[in-house]
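Colleague: predicted model and sequence follow; I will ask about them next.
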Amino acid sequence: MMSEDSPGWVSAILRWPLLWHAARLALVSAYVIGGFTKLLDFAAAAVEQEHLGLHPGWLWAAAAIVVELGGSLLVVINRFVWLGAGGLGVLTFVAMLTANAFWTMTGHERFMTTNAFFEHLGLIAGLVVVSIVSDARSAWRSPVARSQATQGVSR
């Protein structure tokens, strides 16, 4: 089925199966790198958390590693995407409030931090979208959902 809004070649690209995998991996790439960086230098990760006002730093660093790597894995393998993306979204929201508190700044620092804050908000929206799409795709693959859809029954 082709969308009326997209040219045929765009629809063909968007239906390319590897694009779905590549997009999920790209979405979580910063979390994968961040998780491994924290894991490889745990002491620095704990200091970073305490610098942001999160105490005890070791606990927050450990939680960040688990969420960044575990949540990313769930998104990439397309299983329990809602849980992985949800955890990453919450982690990102906490980071936004602690590391990107632009409302406490002035001048160029405020400008740069405001941009970072809203870029992270966009990332959270991307995590929500990947959860919505993953849920819709899994519902469509379900025999019960397909049967209901063909009979006009809503879920």
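Modeller: The structure has been received and is ready for your questions. Numbers count the residues shown, from 1 in each chain.
Colleague: rest of the way, CA atoms for contacts and neighbours
Modeller: Noted.
Colleague: shouldn't Ile86 be in contact with Val129?
Modeller: Let me fix one detail, which is that residue 86 is Gly and not Ile. No - look at Gly86 against Val129 with C-alpha atoms under 8 Å: they stay out of range, at 10.9 Å.
Colleague: these two: which is more packed in?
Modeller: Using other C-alpha atoms under 10 Å as the criterion, Gly86 and Val129 rank with Gly86 on top: 19 against 14.
Colleague: any idea how far that one is from Phe117?
Modeller: Going from Gly86 to Phe117 by C-alpha to C-alpha, to the nearest Å gives 18 Å.
Colleague: tell me which element the residue nearest the centre of the chain is part of?
Modeller: A centroid search over the chain (C-alpha atoms, centre = their mean) returns Leu127, at 3.7 Å, as the residue closest to the centre. If you go by DSSP states H and E, Leu127 is part of helix 107-141.
Colleague: average model confidence for that helix?
Modeller: Across helix 107-141, pLDDT averages out at 94.
Colleague: which strands and helices lie in contact with it?
Modeller: helix 17-40, helix 81-99, helix 143-151 (3 or more C-alpha pairs under 8 Å, 6 or more residues apart in numbering; DSSP states H and E).
Colleague: okay, buried residues for that helix please.
Modeller: Residues of helix 107-141 classed as buried: 110, 113-114, 116-117, 120-121, 123-124, 126-128, 130-131, 134-135 (neighbour count, 16 or more other C-alpha atoms under 10 Å).
Colleague: off-centre distance for that helix?
Modeller: 7 Å (C-alpha atoms, centre = their mean, to the nearest Å).
Colleague: right, I'll leave it there.
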